[in-house]
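Undergrad: Need coordinates for the following:
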Amino acid sequence: MNQALHAFAEAPQSASLVRHWYALLDHIPTGVYICDHNGAIVRHNARAAEIWGWSPEPGDVNARYGGQFRSFELTGELLEPADWPMATVLRTGVPARGREIIVERRDGMRLCVLVNADPLFDEKGVLIGAVNCIQDITAQKRAEMREAQDKRMLEAVIATTPECIKLVAADGTLLQMNAAGCDIIGAPAARLIGAPIVDVIAPEHRERWRENHARVCAGEKLSWEFDLIGAQGRRHMETHAAPLTMPDGTTAHLAVTRDVTRRKEQEQALQDQKQRLQDLLESLPAAVYTTDADGRVTFFNQAAVDMAGRTPRLGEDQWCVTWKLFKADGTPLPHEECPMAIALRENRAVRGEEAVAERPDGTRVPFIPYPTPLRDADGNLVGAINMLVDVSERRQAEYQQRILLNELNHRVKNNLQMLHSLMRTAQRESNSDDARSVLEEAAHRVGAIAAAQRVLYSAESTTSFSANEFLQAVCRAAQQGFADDVNIQLASTEGDLSNETSMPLALILNELLSNAVKHGLKGQRHGTVKVRLAGTSDRYELTVEDDGPGFELHPSSRRSSGLGLVIGLARQLGGTFEVQRRAGARCIVSFPGNRSELH
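TA: Numbers count the residues shown, from 1 in each chain. Presented below is the predicted three-dimensional model:
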């Protein structure tokens, strides 16, 4: 186009040729205008007028060097008219090619334009003017700015993320890695880029890593784990990789890798603890099994196999591990109506029932089941545990039954003590504050259960126990975990309670005592906690009151997780729980009962 304009400048100035060239300018999609040697516009096309926002008349003094109101560098610096590209070309006679500036129209709108200006000379070589082509590249520049901003943001995210982000070429060499990855390996990026990334992977995991890397480069998305040898020693890593097409058409391996060493250690510790508890249940002489919330068997010990005369099928047998069931009077008892099924259906412990199990060989074993629901931290039913106590000897003599129950109580007590000791040992050996806190709470609860167990099975009656002895035993067990200056005052209580309330009530009292000392007394080294159990009309009221500064009940807070357990256990008893603010805090658990039993 510039050659054509030069030709125009050198051609004979016939009126028809001038009109021809001027008409040609209006069909060019790029803004074009011509200035004389003084900078006055002598001609411009329609596109130039669109860019300027107005159409100046030839020679208009307000449109010298161009129709824009003002011009700026891309940096925002104001350009004086004498420094506009057209003015520079007219002053120097040197073309201005590929220059980008910002032009401001008279209505305030600003556009980014690409300028290509050329000088015009007559046949004697005298500068007679210049032609300027201006192209609106505003949209392009905005897109470039957005792209650059997105790129900077992405680079900032990659650079600051605490997880390793790396790009690995198809041949296994590292192309790029963020700071977090370099920190894990313990080497600067300059030393790692271009080196085989497999060199920092544990030798026994390298072959699998190469296989997965090849699959990713072939187009698969994969996740796997491996060990890395870095500055922090051997670390267990979890990686999520996806293919990425490179500019040369090859496929690379883009991955986000995180250090999961601590998670693995915690999982292993949890598995070890689970194994210890399972071993403990295996060692119990009584048949013990657990189910999920639907009643399907999830665990059983060898004693359960011996009692049932068969090996239960995990995930298939439902409600009970026995082959057939009968009521104590000999009538058939469908499995879906057995005590375990009732405990799960009604979400409550079932006590005082007796049944008879028939083995596949036809022999029968009378037993007492102790199905108890299992709940999560939010009180939701997740399953149940059942202990089946063989009471064959009781059919022959009550004395023999007592011996059996005493022996069972002795063994259960010992195992609970063993469990208590294991938890205390685990608490002392744990390096995690959270784990120690959880184990301490669990140990207190096991201690409360053990104390309740001793009273429950030392009672003369098989269906009830002394309320006063029960409260004293639980308070003594709880006192062992408190400072010597914390005094528990127990009001004397006469009467008996039914066995059904024993374990929930023991756990409730333990939690309320622990809460009173930790939160009611606010960790003070001394204080008094008062405990009282009384009957009012057809209900019982268990009251635990401290003389500390008190607290508000917020069950959703982490501090109140123990109180959340109290609320769940109170519901299990069909009761309620509330906290009253007085001089200290007064916790009240109210649950149904018969006033004639307690006074």
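Undergrad: Contact partners for Cys35?
TA: Counting by CB atoms under 8 Å, 6 or more residues apart in numbering, Cys35 touches Ile41, Val42, Arg64, Tyr65, Met86, Leu90, Gly129, Ala130, Asn132. For the C-beta atoms, the positions are set from N, CA and C on the backbone; glycine is no exception.
Undergrad: Just those residues: which are in helices?
TA: Judged by DSSP state H, these include Met86, Leu90 as members of helices.
Undergrad: Using CSV, please lay out the contacts of Cys35 together with pLDDT and distance to Val455.
TA: Shown next, in CSV, are those (pLDDT from 0 to 100; distance: CB to CB, whole Å):
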residue, pLDDT, distance to Val455
Ile41, 94, 108
Val42, 92, 113
Arg64, 92, 107
Tyr65, 94, 105
Met86, 95, 104
Leu90, 95, 110
Gly129, 94, 113
Ala130, 95, 109
Asn132, 95, 103
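Undergrad: Filter the contacts of Cys35 down to the ones in strands?
TA: Residues of the contacts of Cys35 located in strands (DSSP state E): Ile41, Val42, Gly129, Ala130, Asn132.
Undergrad: Tell me how many other residues crowd the residue nearest to Leu174 when sequence neighbours are not counted.
TA: Once flanking residues are discounted, Leu174 sits nearest to Ile197: 4.6 Å by CB to CB, 6 or more residues apart in numbering. Per other CB atoms under 10 Å, the neighbour tally for Ile197 reads 23.
Undergrad: quick one, phi psi at Ile197?
TA: Here is the backbone geometry of Ile197 (degrees, to the nearest 10): phi -70, psi -20.
Undergrad: My guess is it contacts Leu175. True?
TA: No: Ile197 lies out of contact with Leu175 (CB atoms under 8 Å); the separation is 9.4 Å.
Undergrad: Just the CA atoms of stretch 262-275, as CSV, please.
TA: The C-alpha coordinates for stretch 262-275 follow below in CSV (Å, rounded to 0.1, in the frame of the first residue of the first chain):
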residue,chain,number,x,y,z
ARG,A,262,2.5,-38.2,58.5
ARG,A,263,-0.9,-39.5,57.2
LYS,A,264,0.6,-42.9,56.6
GLU,A,265,2.2,-42.9,60.0
GLN,A,266,-1.1,-42.1,61.6
GLU,A,267,-2.9,-44.7,59.6
GLN,A,268,-0.4,-47.3,60.7
ALA,A,269,-0.7,-46.2,64.3
LEU,A,270,-4.5,-46.5,64.1
GLN,A,271,-4.2,-49.9,62.4
ASP,A,272,-1.8,-51.0,65.2
GLN,A,273,-4.3,-49.8,67.8
LYS,A,274,-7.1,-51.5,66.1
GLN,A,275,-5.1,-54.7,66.0
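Undergrad: Check which residues of it are buried.
TA: Gln273 (16 or more other CB atoms under 10 Å).
Undergrad: Buried members of the ones in strands among the contacts of Cys35 into PyMOL, please.
TA: Selecting only the buried entries of the ones in strands among the contacts of Cys35 in PyMOL, with 16+ other CB under 10 Å as the criterion:
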select buried, resi 41+129+130+132
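Undergrad: Just the element for Thr257, please.
TA: Per DSSP states H and E: Thr257 is located in strand 251-259.
Undergrad: Please read off the pLDDT at the residue nearest to Leu174 from the model.
TA: Looking at Ile197, its pLDDT is 88.
Undergrad: Could you do Asp484 as well?
TA: At Asp484, pLDDT is 70.
Undergrad: Where does it sit: helix, strand or coil?
TA: Put simply, Asp484 is coil when judged by DSSP: H, G, I helix; E, B strand; the rest coil.
Undergrad: which residue packs closest to Ile128, ignoring adjacent ones?
TA: Nearest residue to Ile128, sequence neighbours excluded (CB to CB, 6+ apart): Asp122, at 5.0 Å.
Undergrad: All set, thanks.
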